[in-house]
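Undergrad: here's a sequence, model it:
(4 chains)
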There are 2 protein chains.
Amino acid sequence: MDLVKIYSCLCDRTRLRLLNVLAQGPLCVCHFQAVLGEPQVKISKHLAYLRARGLVVVERSGNWMIYELTPKPSRELRANLACLQDCARENPVFQRDLARLKKLAPKLAESGPCGCATPAK
Amino acid sequence: MDLVKIYSCLCDRTRLRLLNVLAQGPLCVCHFQAVLGEPQVKISKHLAYLRARGLVVVERSGNWMIYELTPKPSRELRANLACLQDCARENPVFQRDLARLKKLAPKLAESGPCGCATPAK
DNA sequence: AATCTATATTCCGTTATAGGTATATAAGAC
DNA sequence: GTCTTATATACCTATAACGGAATATAGATT
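TA: All right, here's what the predicted structure looks like:
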């Protein structure tokens, strides 16, 4: 069942945080590291997990890999991501991540696909 | 995070089917067996899993254990169960289970907490 | 008491998952 | 070409999950 695949992606704290941040727009791995405060391996492996199950897609941009939510989500995925967004609204962990994201890349839209012209370090 | 616990419960096919059936009302294990067509151990263990995480509660009624969705779900749980219901609407597996439930216990409300006066066998 | 019925639990084998360390790859800079 | 930077992968260990077989328990019946 496809739902199982979706929920398998959602049943890990790190992946939930990744998806929450991704809901704001595409991002590169280095920014995920900075926002979540987690090591590169961890971020990278969980993104690979999400990618293998079709929740996110990647595109290379020079040295950076830009991840974003899949452009054509299934009905189920769309519904559950919306539900997650709803739950995230009142969750301190998620909100803290979004705050850090805003600080880190306040002009994401202007500075290219993920703002990595000024890499986070 | 509480969400992880919820999604952990949802990332198994059998548990999804159990929750879908439970949305119709309380039910005993023997009826779950009949509706899902799965062995007793499997049903019992997954119900225990759901119970340990607070998604369902149990009450003994003679020889039967009547499971039902927790009467006081968290905001997150309520949202996600509603989302699941929405997804189930168009899912053949879930609908087949509900059809079997209807056939098996068409008068659940009348015949007591789970209709086990006429046990399924 | 013995027995039956419904359900739970224990034990076992297999597979999946998560995190860390170390290493590999791929592109850019020089 | 070498070197650096960003990211991915391999390998290892520990833990959790799943399913099945066998057994245990608790209540009902006789």
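
Undergrad: please make it C-alpha for all contacts and neighbour counts, starting now.
TA: Will do.

Undergrad: if I look at the residue lying closest to residue A:59 once chain neighbours are set aside, how far off is residue A:12?
TA: Counting by C-alpha to C-alpha, 6 or more residues apart in numbering or on different chains, residue A:59 lies nearest to residue A:66, which is 5.2 Å off, once chain neighbours are set aside. Counting by C-alpha to C-alpha, to the nearest Å, the separation of residue A:66 from residue A:12 is 21 Å.

Undergrad: same check on residue A:61?
TA: Counting by C-alpha to C-alpha, the gap from residue A:61 to residue A:12 is 28 Å.

Undergrad: ditto for residue A:98
TA: Counting by C-alpha to C-alpha - residue A:98 and residue A:12 are separated by 18 Å.

Undergrad: repeat that for residue A:92.
TA: Relative to residue A:12, and taking C-alpha to C-alpha, residue A:92 is found at 17 Å.

Undergrad: correct me, but residue A:28 touches residue A:65?
TA: Yes - using C-alpha atoms under 8 Å as the test, residue A:28 is close enough to residue A:65 to be in contact (5.4 Å).

Undergrad: which one's more surrounded, these two?
TA: Of the pair residue A:28 and residue A:65, residue A:28 is the one with more neighbours under other C-alpha atoms under 10 Å in any protein chain shown, namely 24 against 18.

Undergrad: for DNA strand C, what are the nearby residues on chain A?
TA: Residues of chain A lying close to DNA strand C (C-alpha under 7 Å from any atom of the strand) are A:8, A:11, A:12, A:13, A:14, A:39, A:41, A:42, A:46, A:61, A:62, A:63.

Undergrad: hmm, 10 Å instead?
TA: Where chain A comes near DNA strand C, counting by C-alpha under 10 Å from any atom of the strand, the residues are A:4-5, A:8-15, A:38-46, A:49-50, A:53, A:60-65.

Undergrad: now list the buried members of the residues you listed.
TA: A:4-5, A:8-12, A:14-15, A:43, A:46, A:49-50, A:64-65 (16 or more other C-alpha atoms under 10 Å in any protein chain shown).

Undergrad: residue B:33: which of these is nearest?
TA: Nearest to residue B:33 out of these is residue A:4 (C-alpha to C-alpha; 20.5 Å).

Undergrad: all the helices of chain A, residue numbers only.
TA: For chain A, the helices defined by DSSP state H occupy A:2-10, A:13-22, A:29-36, A:40-52, A:75-88, A:92-104.

Undergrad: turn those into TSV, columns for mean pLDDT and distance to residue B:33.
TA: As requested, the helices of chain A are exported to TSV (pLDDT from 0 to 100; distance: least, C-alpha to C-alpha, whole Å):
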stretch	mean pLDDT	distance to residue B:33
helix A:2-10	97	20
helix A:13-22	98	33
helix A:29-36	97	43
helix A:40-52	98	33
helix A:75-88	97	27
helix A:92-104	95	39
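
Undergrad: how far away is the residue in chain A positioned nearest to DNA strand C from DNA strand D?
TA: Closest approach between chain A and DNA strand C, counting by C-alpha to the nearest atom of the strand: residue A:62, at 3.8 Å. Relative to DNA strand D, residue A:62 is positioned 8 Å away (C-alpha to the nearest atom of the strand, to the nearest Å).

Undergrad: so what does that residue look like in phi/psi?
TA: Backbone geometry at residue A:62, expressed as degrees, to the nearest 10, gives phi 70, psi -130.

Undergrad: please report how far it lies from residue A:3.
TA: 35 Å.

Undergrad: repeat for residue A:105
TA: Distance from residue A:105 to residue A:3, by C-alpha to C-alpha: 33 Å.

Undergrad: mind checking pLDDT for the nearest residue to residue A:68 once chain neighbours are set aside?
TA: Nearest non-adjacent residue to residue A:68, counting by C-alpha to C-alpha, 6+ apart: residue A:26, 4.4 Å away. Model confidence at residue A:26, given as pLDDT, is 96.
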